[in-house]
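Engineer: Coordinates for the following, if possible.
(one chain, ligands or ions: 2)
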Amino acid sequence: ASIIELSRVTKTYGQTDGSRPNGLPALSDVSLRIGKGEFALLMGPSGAGKSTLLKLILAMEQPDRGTIRVAGRDVHRLTKGSIPYLRRNLGAVFQDFKLLPEATPLENVRLTLQVLGLRGRDVLSRAKESLERVGLDPNSRKPVRCLSGGEQQRVALARALANRPPVLLADEPTGNLDPALTLDILRQLELIRAAGTTILLATHDPLVFRHAPASRILHLEMGRLIEDRVVDRAPNFT
Ligand code: ADP
Ligand code: ADP
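Structural biologist: Ligands and ions are numbered 1, 2, ... in the order given. Presented below is the predicted three-dimensional model:
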């Protein structure tokens, strides 16, 4: 069964600012399915529509046409339960981390779990466990802004996964990292996938393309899905 399913999705941004120079939509008639436990790599040059695709899945943008299902449920049919449902099912990390810079790693993760409504006594243990899982010291008192870029992205990963969502969406998570830290984050992602989490990773970085242990390659160009291919890549971080 597929855990993410897009069916004939088209998205155009506001006409004056948003459409491409040639008037094409940001995404045109995109259909795809990602199965449970897959590591899908979403490739394509800057402007191809990768972020738009992830934002549509997160319900941060609405499609003009088509449907998007997460774990079988249409995420754009507005019901009261939609947003909590999405938050339970999806974790997300971004190029710019989106962390609270003055707070410690532990505070960053705890706050998110509190917002998600996790019971008080579970919050601390879950937050610590999640930081340990990505190789960080949960008791560090350093504010996040004092950490390296690679460490900050690990905090963002810990935060995205603390709620144990079945799916992780990652939008250029290594965009601000050097090659060594990029491979380090790919190693983390492989561990996360090996533990059963489905991953959709968007990037235009050839280094990520070469090394990501992907099970599927999706390729966007000018808003169109021009390639969708199953691959079988062993992890290769050397
Ligand atoms: P990618 O993530 O592959 O770089 P995006 O999804 O960010 O691509 O962008 C796809 C197209 O949509 C681009 O032409 C971009 O300029 C346009 N676009 C993206 N976000 C917006 C927005 N908020 N408003 C208007 N146009 C946008
Ligand atoms: P805003 O600050 O504009 O309200 P949010 O960060 O709350 O934006 O996100 C907007 C939408 O994106 C929400 O509807 C939410 O469902 C979705 N979203 C954002 N981040 C996540 C996440 N980590 N997990 C699940 N859904 C998310």
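
Engineer: Could you pull out the helices in the chain for me?
Structural biologist: Counting by DSSP state H, the chain has helices at residues 15-18, 50-57, 82-89, 105-115, 120-133, 149-161, 179-194, 206-211.

Engineer: Reformat these as JSON lines; add distance to Ala26.
Structural biologist: (C-beta placed from N, C-alpha, C; glycine too.) Formatted as JSON lines, these follow (distance: least, Cβ to Cβ, whole Å):
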{"stretch": "helix 15-18", "distance to Ala26": "7"}
{"stretch": "helix 50-57", "distance to Ala26": "4"}
{"stretch": "helix 82-89", "distance to Ala26": "21"}
{"stretch": "helix 105-115", "distance to Ala26": "28"}
{"stretch": "helix 120-133", "distance to Ala26": "33"}
{"stretch": "helix 149-161", "distance to Ala26": "24"}
{"stretch": "helix 179-194", "distance to Ala26": "26"}
{"stretch": "helix 206-211", "distance to Ala26": "22"}
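
Engineer: and those, which one is worst for confidence?
Structural biologist: Ranked by mean pLDDT, those end with helix 15-18 at the bottom, a mean of 55.

Engineer: Quick check, pLDDT for the residue lying closest to Pro143 once chain neighbours are set aside.
Structural biologist: Once flanking residues are discounted, Pro143 sits nearest to Glu102: 5.1 Å by Cβ to Cβ, 6 or more residues apart in numbering. On the pLDDT scale, Glu102 is placed at 97.

Engineer: Give me the buried stretch members for stretch 130-138, please.
Structural biologist: 130-131, 133-134, 136, 138 (16 or more other Cβ atoms under 10 Å).

Engineer: which residue is nearest the middle of this protein?
Structural biologist: Nearest to the mean C-alpha position of the chain, by Cα atoms, centre = their mean, lies Leu169 at 1.6 Å.

Engineer: quick one: contacts for that residue?
Structural biologist: 54, 57-58, 90-93, 200, 202 (Cβ atoms under 8 Å, 6 or more residues apart in numbering).

Engineer: Keep the residues you listed, but drop any that are not near ligand 2.
Structural biologist: 58, 90-92 (Cβ under 6 Å from any ligand atom).

Engineer: if we can go back for a sec, who does the residue nearest to the centre of the chain bridge with?
Structural biologist: With DSSP bridges applied, Leu169 shows beta-bridge pairing to Ala92, Leu200.

Engineer: so which of the helices of the chain comes closest to Glu5?
Structural biologist: helix 50-57 (10.0 Å; Cβ to Cβ).

Engineer: and the closest one with ligand 1, contact?
Structural biologist: Yes - for a cut-off given as Cβ under 6 Å from any ligand atom, helix 50-57 has contacts with ligand 1, namely 50-52.
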